[in-house]
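**Q** Let me see the structure of the following:
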Amino acid sequence: MKTTLVSALILIVSALSLAQADTLPRGRQIEIIENYMYVTGQTAQPSPQALEAAWSHPDRPPFKCGTPVLVDFILNRDKLDPVLLKALGAEFADRPTYTDEHTYDSPAGHFKIHYTTVGLDAVYRPGHDRDGDGVPDYVEDMALILDSVWVHIIDTLGFPPPPADSFYPSGGDDKYDIYISNLFGAVFGQTYFDSLSIDGPGSIRATSFIELENDYQEDVFSTYRNRPLDAVRVTCAHEFFHAVQFGIDFTEAEPVTPLLSRRYWMEMSAVWMEEEIYDDINDYYYYLPAFFCNPRLSIQQFNSTGDYHPYASVVLPIFLSEKFGRGIIRDIWLRCGELGSGPSFLIAAQLAIDSISGGAENWPSAFRDFALWNFFTGDRAWDAPEGIGYSEKKMYPAIYDTAIVENTEYPTLVLGNDNPRRPEHNSAAYVRLNHMRAIVVNDTTFWNCDSGSFSDSSCVDSTLVTDTTTGYEIMHIDDSVYSVYIGLGDGHPDHLIPPQPWGLNIVFRLDSIPDSFIVDQFFLPYQEPSNPNYTLLKILDPNQYRSVTMIISPASYRRGAYETPPYDYSLGYYIPERLDSTRIDTPIFIDSQFVDIPAAVLAPYPNPAVVSNMGEAPLRFKFQIPTDLYGNFIYYTDHNFSVDIFNVAGEFVRRLDTTVTPDRHDKQVEFVMAWDMKNERREEVASGVYIALGRVYCPDKGGLLLAEDKAKVAIVR
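**A** Next up is the predicted model:
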């Protein structure tokens, strides 16, 4: 059982005046104390706040880790009211001690395991001892697991080992201490601080020890019953990485109140380490619904012990490691240590991404990709475009339908200050536009709503829409294409603009093949309140799409932007077009002959060109432009075709150039360019053999070359 030091704790806090204790929120003090009592086995229930957070999620696996609770209590115990502590019956839990305690050093010498074979804390199957050395198999297997975890984290990934605790009496030797206890089904395991001043005043490194569950056989661990070693594996990976984190920077947390800090990066990266070392166990799958059920919640959220969202947010470090390489997690943590005391994750991630990508990427652009990857999971994973998505995306939940804002009637207007589905800082909103095949463009009648809503009494036909709450004009008629007007912010003069542009992914679902998707990416500039014009998104030929999904991700490395006020994260949008109800269920099919056609330079004709037989007709060069798997032109703007003509001596004769802009409804892919068989001076060329070099390229893609070929052509006069 644990050694209790109630008298010592009372001595520590008694020096503080009750007036000081009273300045701290009493409700938060109670929450910290009750959660601490729960993870240390002093009570059977966590705080009501923790239970409420847990029950708010669709799945309720066991609490993953007691470490955040312990850290909150240990760092703030001098601020807790001693009268309140006594009234609640809280006892300070020191290092565990056991009846008939034994110790076992791991084979590689990195760990000292403390355990017992009797009583409530007895290890799993204490009588099983396959080698007859007196040490239970459970302990020896745990030691081997711990050594392998050390090898992976320290030797393979290059993290610094946690600092040794041998410099003070309870630390014993240089080996890292592991205690096997009955955690009463509360948590998988937990890591304790024990010395916070190993580098002197202002130290951000801490020594620690770990407490692990003794058997994982309680009902709450039902998935691990009779196979506890898998639970040991993921817990050792998770908790030992906490020990490594504490040795780098135990202050990596966002302070919210005097008694509340968000340790989301600690937890999500510790869950990442489980997956990194034990890819086949996938314990973290149980937590993922907490993320995918509401992606508009910030990855900075950390509400209480029962909040699964930080654990489910493991998808963020998984994304970072799969996109930039697994070394980025170590890079971020080391930068957190270098940046000093306090929360540094977002800035450290920005610096790491910038460094690894050579300046080509930053936090907002990476987060935009992260939001896109999260769309192509579960049932949508099968349809992810090439290069998009997690390696295990098919096993993840899909973003819940309830988390995607559906639009099925147009015109529609959602004002930013009336939008309950707006995204938080460092999160994403998913807005789907359905029935695109029934959109009617070139409609010059729009709605003007005096009250900002589409009620019969307040809306009239107009060619201008105005947000009368602020008096801002938000759109003009543009009847050439399907238009979506996106507005960031409600124009409130006291709201500050977000610190960086918002990311925007556009996911086009083709109507011809409903399970095929095309993706485009942009950044949305936030308009100053003095110039709050909405951003115009143009969608060419909406009828070719079954739906269009906008993924909007406000992301920056300014951690304070999560707090509101001061930052304004209002999201409004206006869609002026209307629907033709007769076309909603009208299928549109493509002709397979136009599918997946490559760009090409085709043969000149006639060849030979006998002028006397051609009348006034020119010599022609044919070429074709590319289409994708769905019969859509790959490059929707101009395609250029050029032909450089030389004589057999290699002398330049003539340059021909043309541009084609096919109509999106036109399935023609072959085009011709004429040569009147004259040189640059417009003189007729002589009979002979000429060499033509043809190229198809796309100027709006930086002159991207699509096709090239040479041909000989004979001219006979």
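**Q** Now do the buried residues in stretch 69-88.
**A** 69-77, 79-82, 85, 88 (16 or more other CB atoms under 10 Å). Bear in mind the C-beta positions are built from the backbone N, C-alpha and C, glycine included.
**Q** Apologies, that question was intended for stretch 378-387.
**A** Quick answer for stretch 378-387 (16+ other CB under 10 Å): Gly378, Arg380, Ala381, Asp383, Ala384.
**Q** Which pair of the buried residues of stretch 69-88 spans the longest distance?
**A** Val71 and Pro82 (20.3 Å; CB to CB).
**Q** And the helix or strand Ser148 falls within, how far out from the chain middle?
**A** Using DSSP states H and E, Ser148 falls within helix 137-150. Computed by CA atoms, centre = their mean, to the nearest Å, the chain-centroid distance of helix 137-150 equals 33 Å.
**Q** And stretch 686-698, by the same measure?
**A** Distance, centroid of stretch 686-698 to centroid of chain: 50 Å (CA atoms, centre = their mean).
**Q** likewise stretch 669-686?
**A** For stretch 669-686, the distance to the chain centre is 54 Å (CA atoms, centre = their mean).
**Q** now do the same end-to-end measure for that stretch.
**A** In stretch 669-686, first residue to last residue: 33 Å (CA to CA, to the nearest Å).
**Q** Pull out the buried positions in it.
**A** Going by neighbour count (16+ other CB under 10 Å), the buried part of stretch 669-686 is Val669, Phe671, Met673, Trp675, Met677, Val685.
**Q** immediately after the host helix or strand of the third one, which helix or strand?
**A** Using DSSP H and E, Met673 sits in strand 670-675. In the C-terminal direction, the helix or strand that comes right after strand 670-675 (DSSP H and E) is strand 688-698.
**Q** Let me see the residues that make contact with stretch 673-680.
**A** Stretch 673-680 is contacted by residues 609, 611, 618-621, 623, 641, 643, 645, 652-656, 658, 684-685, 715 when judged by CB atoms under 8 Å, 6 or more residues apart in numbering.
**Q** redo that, cut-off 7 Å
**A** 609, 618-621, 641, 643, 653-654, 656, 658, 684-685, 715 (CB atoms under 7 Å, 6 or more residues apart in numbering).
**Q** Pretty sure Pro107 sits against Met142.
**A** No: Pro107 lies out of contact with Met142 (CB atoms under 7 Å); the separation is 11.6 Å.
**Q** For these two, indicate the residue with more neighbours.
**A** Met142 (27 against 12; other CB atoms under 10 Å).
**Q** Next one: the residue lying closest to that one once chain neighbours are set aside relative to Val187, how far apart?
**A** Closest residue in space to Met142, ignoring its immediate chain neighbours: Val232 at 5.4 Å, by CB to CB, 6 or more residues apart in numbering. Val232 is 14 Å from Val187, where distance means CB to CB, to the nearest Å.
**Q** May I have the predicted confidence score for the residue nearest to Met142?
**A** Listed pLDDT for Val232 reads 97.
**Q** For it, give me its contacts.
**A** So Val232 contacts Met142, Ile145, Leu212 (CB under 7 Å, 6+ apart).
**Q** State the three-state secondary structure for it.
**A** Three-state assignment for Val232 (DSSP: H, G, I helix; E, B strand; the rest coil): helix.
**Q** got a pLDDT number for Leu9?
**A** 27.
**Q** Val648 too?
**A** Reported pLDDT for Val648: 91.
**Q** ok, now the one 10 residues further on?
**A** At Thr658, the predicted lDDT confidence score is 89.
**Q** ok, what's across the strand from the closest residue to it other than its chain neighbours?
**A** In this structure, Thr658 finds its nearest non-sequential neighbour in Met673, 4.7 Å apart by CB to CB, 6+ apart. Here Met673 sits in beta bridges with Phe621, as judged by DSSP bridges.
**Q** Read off the pLDDT value for Met673.
**A** Reported pLDDT for Met673: 91.
**Q** quick one: it and Ala599, what's the gap?
**A** 14 Å.
**Q** Arg509: which of the buried residues of stretch 69-88 is nearest?
**A** Among the buried residues of stretch 69-88, Val69 lies closest to Arg509 (CB to CB), at 44.2 Å.
**Q** Show me the strands in the stretch 201-350 of the chain, by range?
**A** 207-213, 254-257, 260-262 (DSSP state E, counting those that start in this stretch).
**Q** on contacts alone, who are the packing partners of the first one?
**A** With contacts defined as 3 or more CB pairs under 7 Å, 6 or more residues apart in numbering; DSSP states H and E, the packing partners of strand 207-213 are strand 176-181, strand 187-195, helix 228-249.
**Q** do you know which of the ones you listed lies nearest Phe167?
**A** Smallest distance to Phe167 across the helices and strands packed on strand 207-213 (CB to CB): 7.9 Å, for strand 187-195.
**Q** name the helices or strands packed onto the closest one?
**A** So strand 187-195, by 3+ CB pairs under 7 Å, 6+ apart, packs with strand 63-65, helix 67-76, strand 207-213, helix 228-249.
**Q** Note down every partner strand of that strand and its orientation.
**A** strand 63-65 (parallel), strand 207-213 (antiparallel).
**Q** relative to helix 228-249, how tilted is that strand?
**A** Here strand 187-195 runs at an angle of 30 degrees relative to helix 228-249 (axes from the mean of the first three to the mean of the last three CA atoms, to 10 degrees).
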